[in-house]
Structure formats: C-alpha cells, structure tokens
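Trainee: predicted coordinates and the sequence they were generated for:
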Amino acid sequence: MQENKGGRSEAAAIKKAFAKNLYHNIGKPFMAATPEDFFNALAYTVRSLLLDKFIHSVETYLKKETRVVAYFSAEFLEGPHLVNNMLNLGVVEQVREAMEMLGLDVDTLVNLEVEPGLGNGGLGRLAACYLDSLATLRIPAIGYGLRYEHGMFEQRIEDGWQVEYSDNWLHFGNPWELYRPERTFRVRYGGFTEHYTDAAGNFRVRWRPGMEVKGVPHDTPILGYRVNNCVLLRLWRAEATKGFDFQDFNQGDFYGAVESKVQAENITKVLYPNDQSQAGKRLRLEQQYFLVSCALQDLIHMHVHMKGLDLAELHKSIAAQLNDTHPSLAIVELMRLLVDEHHMGWDRSWTIVRSIFSYTNHTLLPEALEKWPVSLFQGLLPRHYEILCEINRRFLDQVRVRFPLDDERVARMSLIEEGPEKYVRMANLACVGSSHINGVARLHTQLLKKLVLKDFHRYWPDRIINITNGVTPRRWIGVANPGLTALITEAIGEGWLGDLDRLKKLEPFAEDAAFRDKWCQVKRRHKEEVAALARERFDIILDPDSLFDVQVKRIHEYKRQHLNVLHVISLYLRLKNDLASVKTPRTVIFGGKAAPGYFMAKLIIKLITSVARVINADPDIQDRLKVIFRPNYNVKIGQIIYPMADLSEQISLAGMEASGTGNMKFAMNGALTIGTLDGANVEIREAVGRENFFLFGLTAPEVQARKESGYRPLDLYRDNEHLRQVLDLIENGYFSRGDRSLFKPLVDNLKYDDPYLLLADFQDYVDCQRRVATVFRDRQEWLKKSIRTVARMSRFSSDRAVREYCRKIWRVEPVEVVMGG
Ligand code: 26Q
C-alpha cells in the first residue's frame, strides 16, 4: 500500500519532469510535439534520474583508489536504453502511470527508440551485457569503443535477396550521450621515425607523423540493476584537427584541406559489417588504432592528472580487457607511450603492459584470425612496427632458449608471418602481451589449447583460461519478457533478476498444473502478438498453436541455416506425400544478416525466402508448415523473438561456434534447444539436463576424424534417398521458378565439398526434429521441460561470468556508491 502511494507521487513527479523536458529541451508545446519529441522528452526525464546516480558513481570512483576495469571493444551492441534504464531504476510502473495521465502510451514511445547498433552480433552484444553486469556488481569500469556514425546496416529483403541500407541511428539525436569535448585527444598516423641520442646518451626514437586527427569522447552512463552504480561507456568520434595535414603543399589549398577533413572524419563513419572474416582494409586498421590511442591517453590522463599517481603504478589502477584482437594494438601503443613519450625503460614498461592487458578470444575459424599486411601496418604506424619487431625479437629469443633448434615452432609463434607478403599476426601479439587469455566456453577453450593457440599453451601452460559467456537477465528476461518476469516473481519472490541463482527455486513449480497453465499463457500471448504483427505487416497467417521453431543469428555456413532449410524441405516433402504423417504444425522462423560481401550467406537467405514463398503458398500444406524470414534481425527484434520461441536452433557444426549467446537467451525465455555439442551448448545441456535438450550431430572429435579420413558427401547423397530428394528439389529449380542455376553453387558445394558436414548430420537432425515434434504434442511434458530449463539457467547470467573475470583476471572489488554521500 505504502509502495503504491510512493509510486503515485513519483509518477506525478515524472509527469512534471516530462512536461518540463518537452518545454526546455525539445522546445515545443504539447500539441505540436511529434511522437519522437515525446520519446525524447521521456528519455531526458529518465536520463536525469540516471545522471544523479552517474555523478555520484564518478565522484565515488575518483575518490577511492581502486582498480578500474577498462573494457576495450570495437563494438558495443547496446540496443535500446529507455526500458532498460526504467527497469534498472525501478520506475517502470511509475513511468507508465505518468504517461497515462498525459494520455500517452508508454509502449508506443518505447518502441520509437532507434537502437544504437554499434556491433555485428555476439561479440558486440557480449560487451554490452558485461557493462550491465559490471554496473550491477558495483565494479568501477569504463567501456572504450567507437562512436560509429552509421552502425550495422539495415537489412531489407527485395525479391528474396538481402539488400543493405545505411543505418542512421543519430537522425533524431541521441538523448543518452554526454558530449565531452574537453577530453579530446590527438591521434597520429603515418610519417616516419628518427633515431637519435639524447643529452644523457640514451638511444631514443622520435616519431614524425604524417597526419593527425582528434578523438572526441561521447559518454553514455550504464546503470546497474537496482544499485546506485553506473559504469561509463566512452565512445570516440574522429574529428579533423585544424593543422590537419602537415604537408606544406597543402597550405592554402582549400579543397585539399576539406578533403583531408573528410578523410579524418571517415575514421568513425561506419562499422565494418563483417563478422568472422577479415576485411583487410586500411580504414579498419585506422579505426582500431584510433580507439586504442584515445583510450590509453584517456586512462593515463585519469591516472596521472586526475588521481595524481605515478605512471610506474599504472597497472595498479587499470585492468584492461581486449575484446578479441580488434583492440590489441593497445599493447604496442602503451609500450610506445611508456618508452618513447615517458622515457621508461623497456623491461619495466613491458612488465606493466603485460600485467594490464588480458585477451578474450572469440573464434576458432582460421579465416577470422586477424592479420595485417606488414606494408600496410608499417605505412600507417611506422613507430609501432618498430616496437612490434622489438617485442617479437625479444620474445622469439626466449622461445629459442626453451626450444633450441625448433625453427618451425619459432616461425609459428612469431608475431610476423613470413612469405612473399609478410603479415602481422594480431592473435600472437595479443597472446604475448597479455597476462591471461580466455576462451568463451569450455569446449572452445579446450580447442584453443589443442589447436589454434597450441604453441602458446605449451609455452605458458597457465595463461589460457576459460570463462564461459553469459547474458544479462535484466534485458533478456526483465525487459524482453515482462509477463514471464511477473509470473516468476509471483512464484519465487522479488530480487531474482539481480541474483539469478534464486531461479532454482522455480524448479518445483514444474509439477504445479496451475503454474504450468500460466506459463503456457505467457508464451501463448507472445506468439499471438507476433502472429498479429505478421498478419498486419507481412500479410502472413501464423498459427499460435503451432511449434515456433526459431533460428536467429548472423548468417554463416558454419552456423548451418541451410541445414535447417533442408529439414524444412524434408517436412514439406513428407506433407506433400501424406498430410497426416506430420502431426505437429510448425512455424519455422529465420532472422539474421549476411556480411555484404559473403556470397554464400546471401544465397542462403535467398534460399530461405524462396522456400518460404513456395511452401507458404502451397494449398496442399494446409497451414501445417509456415516459413518466415524476419528481416533486419537486431537487439530490438531479438527482444520480441526470444520470448515467443518454442524451439531454439543451435545447430552449428561441432567445434565451430566459440560459445553462442543466443542459445542462452532462448533458454532463459523457456525455449527448448535442438543443438549440437558445440560452444556453450555443451554446458547448457549439462545445466538443464539431457532430458530437456534435443541433441544431435557429430561431436567435435568425430568431426575431426571424419575430415581426416576423407569425407565424401556425395556418398551420403547417393545412399540416402530422402536426402537426395531434398537436394534434387532445390537443384531442379522447384524453389526458383525452374531456374536450375540459381542455387547450383549451394547444392554443388554440399554435394562435392560440404566443408561444414551438413550431409553427415542431416539424418540425425531430421530424426531429432521428429522427437521434438512428438514431445511438443504432449503439452504438459513440454511445459515441464520448459520450466525446468529456465530454473536451471542461472549459470548463464553475465553476472556469473563477470564475477569470474573479476576473480580470475582483473582482481577488482565492488565499490559502494552512496547517494548524497
Ligand atoms: C575483424 C576484422 C575486420 C573487420 C571485422 C572483424 C570482425 C568483426 C566482428 C571479426 C569478428 C567479429 C565478431 C565476432 C563474433 O561476434 N564472435 C562471436 O562472439 C560471441 C561472444 O563471445 C560468441 O558467442 C560467438 O560464438 C562468436 O562467434
């Protein structure tokens, strides 16, 4: 009762603040305001509640001499902030009430938020989940990234193909960021180096850069759940300097100068939309160095000028995490700052650098390991190349001592790949310059030790550790699924979103028929909403009683969306043959973006949409099977998709997916998983129980064995009649209006090469899907599995993961922020 009263007066205060913001910040009368104006006014209103906590956090952290976590990442895929902030502040109901008083619908406003899509997928979203957990766990932290003017492209489907449109997330302004021009730093590129001897007789190097740009920080406070602690997300934007081009001939050349300005500002213009493959582009390297240089100058400024500490103690105030190799130039840049600019000795500097940095690896794919042509690297960063060579020389000398006469090992471990074109190997650099290296799931870490980083593991047996990924339950349950959140709270009480271990208390409710019924209704409501949306926006009728079978993630051959398609076609053939043979109606939903230059991934999208067009229009199927490709999958759409899924597709070839995090989001929302023993699936299956996980496919060692013994997909095609029918249907143009050439590259790839062993796993997958369908028809059984799954997912909270980072790597402690203190 009392809470309600407090809530009401808070709602009145929010209403008042909203009106004030509309007036003073947006500058419009109520009657002239657009929906976007209302959104911005609400965002400013929530922001001021946030800023109160943010300012107290900054104050507290500056006073206390504790270590700060610096999370270096080229991507932060935050997604919309408004509801998340409302949830973490604990004002969701008050805001709703305030908006109601004004005749505004809070859900409509919330939906207007354009998401900052400053990431490709898993890696960028992981960084965002970790900031949420760092704040919630009260750890002082800064996320350092890039403020791309254009984030991840918008995907539209035209004639069944992916078409990319540029994202313009800043169009209506960004109410969450604070512009901090006073903390601008200069970043320099190119030019040459000069070697000289200083007055004291020391050998020194001077870097004479060819150009410079300014890095301007834009700060976003990230609030923890029901705490006063905020962490800072500091994103850098490139701006031209006045004396931008040092070359004399440009003096007085107005057009040349403008061109230079454009070039400088290009650095943070756009996010590279490739995941898992190297762009090899100069601009990408410029971005990476820009991030690293700004962040390190900022950290040194804080340490030396704001805290008044000695640079030799830098490692005592910072623990820096490298989110993959993208920011690993930081290792070289910090060496340069310490040795060249602060005249610290090499060995002392190296000890500091090595104890500051740690490196998270996110991939086992060889093509995703970053390497830069030496010519490009040296041209852009001549001094860094010298330092890199010196790091390498000293390192390889030690390797030779440990392994005399083992030139091959030395060549493998070198930071430089020799050959007609020489390359800088960023993973080797990250390994050598870090105190810890971590994989992101148990299997992934084992394979890192055994394969990709074998030599480094042999050399430093304690350096590689595992920290299995986690996701924030606040966004992925609390924000995405308020219905489920309320139901769980009703059962086990408040507080579990901040302490996910308490979810275990949900387990006995699986036996409670009334609870199961409510659980079913929550899922059902989400499915109905999606069905209504599909009818309105895409003119497609979906049956909310059907099994919602969902695969959303980046499109990649190793993730095997096309294996899912083969199953869909297999179902279709069975239905055509005998409608009664398929008793469980299914809605198969796909979503995900293909890298713009990845032909096969784009062809897979075309295949999905083509199969969808044929099946959805076939009257023989009578709504037993529907196939949907949801365009432009992103965080916002994820928040709609996870809660409505019955079945989560995690079907990558074993040994390929480092972890996966979508697998966790689905399971936390009560979807059951069909999956291989890959990435974190292995641990999810252990946690939820094998009876609640639909397992199929080869294991990682079996995959290796199959490949070594000469895998021949064509034999499987010949021997499995059903598989042959499925592939032939595609090949014969059934889904391409008779065009036999369209999908030929895809079908040929499977028949003659099949690098991701789809054909080897096909039959097992189809059989497993049959078991799924059978269990789904026993609704009570399915619901029990769903409830138990959620009850057992606590380990996959990013709070657990971040705690592990704190304990195993960063050695940081929580700091309490007291308001008014
Ligand atoms: C590299 C160089 C040049 C341009 C782009 C890139 C680039 C960009 C993004 C390379 C890789 C990425 C993203 C990788 C990624 O998202 N990996 C995923 O990370 C998740 C979090 O750990 C894991 O769960 C996934 O398994 C992994 O695929």
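Mentor: Yes, it's here.

Trainee: so T363 touches L369, yeah?
Mentor: Yes - counting by C-beta atoms under 8 Å, T363 touches L369, with 7.1 Å between them. (C-beta placed from N, C-alpha, C; glycine too.)

Trainee: so the two - more neighbours on which side?
Mentor: More crowded of T363 and L369, by other C-beta atoms under 10 Å: T363, with 23 against 17.

Trainee: which non-adjacent residue is nearest that one?
Mentor: The spatial neighbour of T363 that comes closest, neighbours along the chain excluded (C-beta to C-beta, 6 or more residues apart in numbering), is A658 at 5.6 Å.

Trainee: likewise R777?
Mentor: With C-beta to C-beta, 6+ apart as the criterion, R777 has its nearest non-adjacent residue at 5.7 Å, and that residue is T584.

Trainee: tell me the helices and strands packed up against the longest strand along the chain.
Mentor: If you go by DSSP state E, the chain has its longest strand at strand 230-245. The elements that strand 230-245 packs onto, with contact taken as 3 or more C-beta pairs under 8 Å, 6 or more residues apart in numbering; DSSP states H and E, are helix 35-63, helix 122-136, strand 141-146, strand 211-223, helix 254-265, helix 282-300.

Trainee: who does the fourth one pair with, and is each partner parallel or antiparallel?
Mentor: Strand 211-223 has its sheet partners listed here by DSSP bridges as strand 178-179 (antiparallel), strand 185-189 (antiparallel), strand 230-245 (antiparallel).

Trainee: would you pull up the residue in the protein closest to the ligand?
Mentor: G122 (2.9 Å; C-beta to the nearest ligand atom).

Trainee: show me what from this protein comes close to the ligand.
Mentor: 120-123, 126, 272, 274-276, 278-279, 284, 362-363, 368, 370, 440, 469, 657-661, 679 (C-beta under 6 Å from any ligand atom).

Trainee: where along the stretch 601-750 of the chain do the strands fall?
Mentor: Using DSSP state E, counting those that start in this stretch, the strands of the stretch 601-750 of the chain run over 625-630, 647-650, 672-675, 693-695.

Trainee: just the stretch 251-400 of the chain next, same as before
Mentor: Under DSSP E, counting those that start in this stretch, the stretch 251-400 of the chain gives strands at 318-323, 357-360, 371-373.

Trainee: which residues touch L448?
Mentor: Neighbour list for L448: 361, 364, 437, 439, 457, 464 [criterion: C-beta atoms under 8 Å, 6 or more residues apart in numbering].

Trainee: need the contact list for the last one.
Mentor: I take that to be I464. By C-beta under 8 Å, 6+ apart, I464 lies in contact with 436-439, 445, 448-449, 453, 456-457.

Trainee: show the contacting residues for the residue nearest to F54 when sequence neighbours are not counted.
Mentor: Closest residue in space to F54, ignoring its immediate chain neighbours: P221 at 3.8 Å, by C-beta to C-beta, 6+ apart. Taking C-beta under 8 Å, 6+ apart, we find P221 in contact with 50-51, 53-54, 57, 176, 178, 230-233.

Trainee: ditto for F666
Mentor: With contact set as C-beta under 8 Å, 6+ apart, F666 has these partners: 550, 642, 645, 648, 650, 673.

Trainee: for the fifth one, which non-adjacent residue is spatially closest?
Mentor: With sequence-adjacent residues excluded and distances taken as C-beta to C-beta, 6+ apart, Q650 is closest to G675, at 3.5 Å.

Trainee: can you tell me how far that neighbour is from S414?
Mentor: 38 Å (C-beta to C-beta, to the nearest Å).

Trainee: identify each buried residue in the helix or strand hosting Q94, please.
Mentor: In this structure, Q94 is located in helix 92-101 according to DSSP states H and E. Of all the residues in helix 92-101, those buried under the rule 16 or more other C-beta atoms under 10 Å are 92-99.

Trainee: adding pLDDT, write those residues out as a markdown table.
Mentor: Output for these, formatted as a markdown table (pLDDT from 0 to 100):
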| residue | pLDDT |
| --- | --- |
| V92 | 97 |
| E93 | 97 |
| Q94 | 97 |
| V95 | 98 |
| R96 | 98 |
| E97 | 97 |
| A98 | 98 |
| M99 | 98 |
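
Trainee: what's the closest of those residues to V410?
Mentor: Ranked by distance to V410 (C-beta to C-beta), the buried residues of helix 92-101 are led by V92 at 59.0 Å.

Trainee: looking at it, the closest one is touching L82, isn't it?
Mentor: No - using C-beta under 8 Å, V92 makes no contact with L82, being 10.5 Å away.

Trainee: quick check: V802 touching R138?
Mentor: No - the criterion here is C-beta under 8 Å, and V802 misses it with R138 at 10.9 Å.

Trainee: show me where pLDDT drops low in the protein?
Mentor: Counting by pLDDT under 70, the chain contains low-confidence ranges at 1-6, 243-252, 279, 821.

Trainee: tell me how many other residues crowd P482.
Mentor: By other C-beta under 10 Å, the burial measure for P482, its neighbour count, is 15.

Trainee: which of the residues of the chain next to the ligand count as buried?
Mentor: For the residues of the chain next to the ligand, buried by 16+ other C-beta under 10 Å: 120-123, 126, 272, 274-276, 284, 362-363, 368, 370, 440, 469, 657-661, 679.

Trainee: T241: what's it in contact with?
Mentor: 186, 212-214, 264.

Trainee: please identify which of these is nearest to R535.
Mentor: Out of those, the member with the shortest distance to R535 (by C-beta to C-beta) is A264, at 48.8 Å.

Trainee: how about the contacts made by that closest one?
Mentor: 211, 213-214, 238-241, 244 are the contacts of A264 under C-beta under 8 Å, 6+ apart.

Trainee: same question, V106
Mentor: So V106 contacts 42, 95-96, 99-100 (C-beta under 8 Å, 6+ apart).

Trainee: repeat for P745
Mentor: Contacts of P745 (C-beta under 8 Å, 6+ apart): 599-600, 603.

Trainee: check V410 too.
Mentor: V410 is in contact with 396, 399-400, 403, counting by C-beta under 8 Å, 6+ apart.

Trainee: let's have these in CSV, adding distance to K518.
Mentor: Output for these, formatted as CSV (distance: C-beta to C-beta, whole Å):
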residue, distance to K518
L396, 64
V399, 62
R400, 67
F403, 63
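
Trainee: these, buried ones only, as a ChimeraX selection?
Mentor: Buried members of those, defined by 16+ other C-beta under 10 Å, are picked up in ChimeraX with:
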select :396,399,403
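
Trainee: would you state the helices of the stretch 701-821 of the chain in chain order?
Mentor: Assigned helices in the stretch 701-821 of the chain, in chain order: 713-719, 721-731, 744-752, 758-777, 779-791, 798-805 (criterion: DSSP state H, counting those that start in this stretch).

Trainee: let me redo that: the stretch 501-650 of the chain
Mentor: Ranges of helices within the stretch 501-650 of the chain are 513-538, 561-577, 599-616, 635-644, based on DSSP H, counting those that start in this stretch.

Trainee: the second one to helix 758-777, inter-axis angle?
Mentor: Meaning helix 561-577. Inter-element angle recorded for helix 561-577 and helix 758-777: 60 degrees (by axes from the mean of the first three to the mean of the last three C-alpha atoms, to 10 degrees).

Trainee: give me the buried positions along helix 561-577.
Mentor: Under the neighbour-count criterion of 16+ other C-beta under 10 Å, helix 561-577 has 561-572, 574-575 buried.

Trainee: kindly report the same for the shortest one.
Mentor: Of the residues in helix 635-644, those with enough neighbours to count as buried (16+ other C-beta under 10 Å) are 635-639, 641-644.

Trainee: list the helices and strands that helix packs on?
Mentor: Other helices and strands packing on helix 635-644, by 3+ C-beta pairs under 8 Å, 6+ apart, are helix 513-538, strand 547-552, strand 586-591, helix 662-668.

Trainee: list the buried ones in the longest one?
Mentor: If I follow you right, that is helix 513-538. For helix 513-538, burial by neighbour count (16+ other C-beta under 10 Å) applies to 515-516, 518-520, 522-523, 526-527, 530-531, 534.

Trainee: having no further points to raise, I will conclude here.
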